[in-house]
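Asks: sequence and predicted model, in that order:
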Amino acid sequence: MRSHSFCLPLLCFIIVHFTINCHAQSNKTPAFIQVDCNKTIGPMYPAWAWFGYDEPNYTYMKDGKKLLSEIAALSPVPVYIRAHSLLVTGDGTPSLKWGSTNAYTEDANSNPVYNWTIIDSIFDTYIQRGMKPLAQIGFMPEALSVKPQPYKHDWQPGDPYGKIMTGWAYPPKDYKKWAALVYQWVKHSVDRYGKNEVESWYWELWNEPNGYWKGTMDEFFKLYDYTTDAVKRALPTAKIGGINIAGTGSKNAQKWLHAFAKHCFQDTNYVTGKKGAPVDIILFHAKGSPKVVNGHVQMNMSRQLKDIEAGFKFVAAYPQLKNIPVVIGESDPEGCAACGMHTNPENAYRNGTMYSSYTAASFAREYALADLYNIHFKGAVSWSFEFENQPWFYGFRDLATNGVDKPVLNVFRMLGMMKGNRVAVASNQGYDLRMAVDSGFRQSYADINGMACKNTHDATVLIWNYHDDDVKPAPENVTVQIKGIPVKQVLLHHYRIDDEHSNAYEAWKKMGSPQNPSTEQIAELERAGQLHLLGSPEWINTNNGEAVINMLLPRQGVSLLKLDW
């Protein structure tokens, strides 16, 4: 589906909120972006305010707590957090792609022993910051696994990924014991945090059953029935769903998704004997696939957007799912957060501004796809957190390193300022939605584009200069025209992410890339990692309700224009 468009000199108007590329085949053409505050697209809901990670024990560690506090502070609404391994057996010692809570063990007579100490430490950390768990019910405790040994893996970056698949990935030897564990966990949560609080959470079973599950599809649906029944018995108003499939656009994933829908709406429930199973939220995954081309990283956002579109199409195909919240349970440039750039050079985009501009450009298309398919898009989980006690700027997919924020976190700070209604944006040098999904961003010109909001007393415009190829030609002239301003003068704050602003990575490199920075250097890096203004705030006069702002925007740079009145 393409939108209808018509072009005027240097300007291409649009009807829907994704932009249309008119011609702009040359970087010599100045970029012209128009924002029309009188053309509302829809509400600016915080779909970006969802985060997740593999290693749950980092949650309550020093840098984990610091980062969670920063994430909570940047969002105008409670942030949802998703973590793996909340039921895995172990002593809570973290390692890459591993975590444990020891919530379930058995005594000498095979009787259940429940221990919520570590899970409480994790969820307490969230609740104390006003955050909400997207509580993942998984994985299999050692005492319940049909194939418990080997259990704890010792995977390191560079090892085969399949090495992580050990005893935690198997079905339970006793589904009733599993259900009792789930029931006791939800009941304990209600007792600890209160019914109203737990009602505001989401629960989900497992992760990527087309990869992380060593049973059959039918066994997984059986587990789903036992799980949902246990959750609802403990708290009838609890919200639970699934299935966080991997590679959503693939044939295998589509098979799982449609089988899941059939099971929830038509099949006989393994526990109740009645038709169907509850589903209060739909989740699936979407990942890109960068590679190294001619000595530089080339991103592949198209693959991620195709997965998202496939997931939205799946939801739109079922009338029963029309009003069900849809969450992209992992939405990222690629699939392994713990695979650093030293072992995986295609991941070298993560420390600098490429990750920032990719994030801005991709979220804009997620909103556009949700509008196109008219689904209840609730959120997209950025599977990126932090890795405790690791080398500085090792190239993990994370938001901070050793307590210092990376440039990408500042995109979320920008998004956190965007409130009110999304309004129409047009660019003469933007990629339209169909091109972005089908082909990515590989033309001779960059996607100089934007997303904008109008609130009662302010307007915000997010602008990026993105290209799939991580090369940096000269900065480009960009003119932004903002129409529909109801006053004669506005106060402009121009925030910027580039090599000189909001960028601790470039500051660290200028220090000589120290792996043992001094206290003074760490303080300097912490300051550099915050969101910075490009210049001092300034008053701008409007003309017939229009403001015009000119800037130079480097490749992979991101700006946020905030106009207050």
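Replies: Arrived safely. Since this is a predicted model, take the numbers as computed values, not measurements.
Asks: can you name the farthest residue from the center of the protein?
Replies: No residue in the chain sits farther from the centre than Asn109, which is 43.6 Å out by Cα atoms, centre = their mean.
Asks: which residues touch that one?
Replies: Contact analysis of Asn109 by Cβ atoms under 8 Å, 6 or more residues apart in numbering lists nothing. Quick note: C-beta positions are derived from backbone N, CA and C, even for glycine.
Asks: wait, a strand at it?
Replies: No. Assessed with DSSP: H, G, I helix; E, B strand; the rest coil, Asn109 is coil; it does not lie in a strand.
Asks: for it, give me the pLDDT.
Replies: With respect to pLDDT, Asn109 has a value of 97.
Asks: next one: the one 5 residues further on
Replies: According to the per-residue confidence, Tyr114 scores 98 in pLDDT.
Asks: now the nearest residue to it once chain neighbours are set aside, what are its backbone angles?
Replies: If you skip the residues right next to it in sequence, Tyr114 has Gln184 as its closest partner in space, 5.4 Å away by Cβ to Cβ, 6 or more residues apart in numbering. Main-chain dihedrals, Gln184, degrees, to the nearest 10: phi -60, psi -40.
Asks: neighbours of Gln184, just the number please.
Replies: Neighbour count for Gln184, taken as other Cβ atoms under 10 Å: 17.
Asks: can you check Pro160 too?
Replies: 7.
Asks: do the same with the one 5 residues further on
Replies: Applying other Cβ under 10 Å, we find 15 residues neighbouring Met165.
Asks: quick check, Gly545 in contact with Pro486.
Replies: Yes. Between Gly545 and Pro486 there is a contact under Cβ atoms under 8 Å: 6.9 Å.
Asks: just the C-alpha atoms of the helix or strand containing Pro133, please, in PDB.
Replies: Per DSSP states H and E: Pro133 is located in strand 132-137. The C-alpha trace of strand 132-137 is given here as PDB (Å, rounded to 0.1, in the frame of the first residue of the first chain):
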ATOM      1  CA  LYS A 132       6.600  -2.400  35.500                       C
ATOM      2  CA  PRO A 133       7.700  -6.000  34.800                       C
ATOM      3  CA  LEU A 134       6.900  -7.700  31.500                       C
ATOM      4  CA  ALA A 135       7.400 -10.800  33.600                       C
ATOM      5  CA  GLN A 136       8.800 -13.700  31.600                       C
ATOM      6  CA  ILE A 137       7.800 -17.100  33.000                       C
END
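Asks: tell me what it is packed against?
Replies: Packing partners of strand 132-137 (3 or more Cβ pairs under 8 Å, 6 or more residues apart in numbering; DSSP states H and E): strand 80-83, helix 117-128, helix 175-193, strand 202-205.
Asks: tell me which residues in the longest one are buried?
Replies: In this case it means helix 175-193. For helix 175-193, burial by neighbour count (16 or more other Cβ atoms under 10 Å) applies to 175, 177-190, 193.
Asks: how about stretch 407-426?
Replies: By neighbour count on 16+ other Cβ under 10 Å, the buried set for stretch 407-426 is 407-420, 422-426.
Asks: and what of stretch 225-237?
Replies: 225-232, 234-235.
Asks: what does the helix or strand encompassing Val381 rub up against?
Replies: According to DSSP H and E, Val381 maps onto strand 377-382. Residues outside strand 377-382 that contact it (Cβ under 8 Å, 6+ apart): 45-52, 80, 82, 134, 281, 286, 312, 325-332, 359, 363, 366-367, 370, 399, 412.
Asks: which ones among those residues are found in helices?
Replies: Those of the contacts of strand 377-382 mapping onto helices are 312, 359, 363, 366-367, 370, 412, per DSSP state H.
Asks: compare the residues you listed and tell me which is most surrounded.
Replies: Per-residue neighbour counts (other Cβ under 10 Å) across the ones in helices among the contacts of strand 377-382 peak at Thr359, which has 28 neighbours.
Asks: what's near enough to touch the closest residue to that residue other than its chain neighbours?
Replies: Of all residues not flanking Thr359 in the chain, Val411 sits nearest, at 4.7 Å (Cβ to Cβ, 6+ apart). Shown in contact with Val411 (Cβ under 8 Å, 6+ apart): 356, 359-360, 497, 558.
Asks: can I get these in a markdown table with distance to Lys255?
Replies: Shown next, in a markdown table, are the contacts of Val411 (distance: Cβ to Cβ, whole Å):
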| residue | distance to Lys255 |
| --- | --- |
| Ser356 | 36 |
| Thr359 | 31 |
| Ala360 | 34 |
| Ile497 | 40 |
| Val558 | 38 |
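Asks: quick one: buried ones out of these?
Replies: By 16+ other Cβ under 10 Å, the contacts of Val411 give 356, 359-360, 497, 558 as buried.
Asks: quick one: which of those residues is nearest to Pro171?
Replies: The nearest member of the buried ones among the contacts of Val411 to Pro171, counting by Cβ to Cβ, is Thr359 at 36.6 Å.
Asks: picking up where we left off before, so which of the ones in helices among the contacts of strand 377-382 would you say is closest to Glu208?
Replies: Glu208 lies nearest to Phe312 out of these, by Cβ to Cβ, at 18.7 Å.
Asks: the closest one and Ala370 touch, don't they?
Replies: Yes. Under the criterion of Cβ under 8 Å, Phe312 makes contact with Ala370 at 6.6 Å.
Asks: shaky segments in the chain?
Replies: Along the chain, segments meeting pLDDT under 70 span 1-28.
Asks: residue nearest the centroid of it?
Replies: Taking Cα atoms, centre = their mean, the chain has its central residue at Ser382, 2.0 Å away.
Asks: does that one have beta-bridge partners, and which?
Replies: Beta bridges link Ser382 to Phe51 when assigned by DSSP bridges.
Asks: distance of it relative to Phe363?
Replies: 9 Å (Cβ to Cβ, to the nearest Å).
Asks: between these two, what contacts are shared?
Replies: By Cβ under 8 Å, 6+ apart, Ser382 and Phe363 have these common neighbours: Trp48.
Asks: show the contacting residues for Phe221.
Replies: 259-260, 263, 267, 270, 277.
Asks: now render these as JSON lines, adding neighbour count.
Replies: What follows is these, written out as JSON lines (neighbours: other Cβ atoms under 10 Å):
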{"residue": "Ala259", "neighbour count": "16"}
{"residue": "Phe260", "neighbour count": "25"}
{"residue": "His263", "neighbour count": "24"}
{"residue": "Asp267", "neighbour count": "17"}
{"residue": "Tyr270", "neighbour count": "18"}
{"residue": "Ala277", "neighbour count": "24"}
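Asks: and of the residues you listed, the nearest to Leu74?
Replies: Phe260 (33.9 Å).
Asks: list the contacts of the closest one.
Replies: Contact analysis of Phe260 by Cβ under 8 Å, 6+ apart lists 221, 242-243.
Asks: just the ones of the residues you listed in helices?
Replies: Filtering the contacts of Phe260 for helices - DSSP H - leaves Phe221.
Asks: which element, helix or strand, includes Asn550?
Replies: Assessed by DSSP H and E, Asn550 sits inside strand 547-553.
Asks: that strand: partners in the sheet, and parallel or antiparallel?
Replies: So strand 547-553, judged by DSSP bridges, has these partners: strand 476-483 (antiparallel).
Asks: list the buried residues in the strand it pairs with.
Replies: If you call a residue buried by 16+ other Cβ under 10 Å, then strand 476-483 has these buried ones: 476, 478-483.
Asks: likewise for stretch 58-77?
Replies: Within stretch 58-77, the residues that qualify as buried are 58-61, 63-68, 70-72, 74-75, counting by 16+ other Cβ under 10 Å.
Asks: out of these, which is nearest to Gly138?
Replies: Using Cβ to Cβ, Thr59 is the member of the buried residues of stretch 58-77 that lies nearest Gly138, at 16.1 Å.
Asks: quick check: the closest one vs Phe139, distance?
Replies: Remark: distance between Thr59 and Phe139 (Cβ to Cβ) = 17 Å.
Asks: would you confirm that Arg397 contacts Asn347?
Replies: Yes. Counting by Cβ under 8 Å, Arg397 touches Asn347, with 7.0 Å between them.
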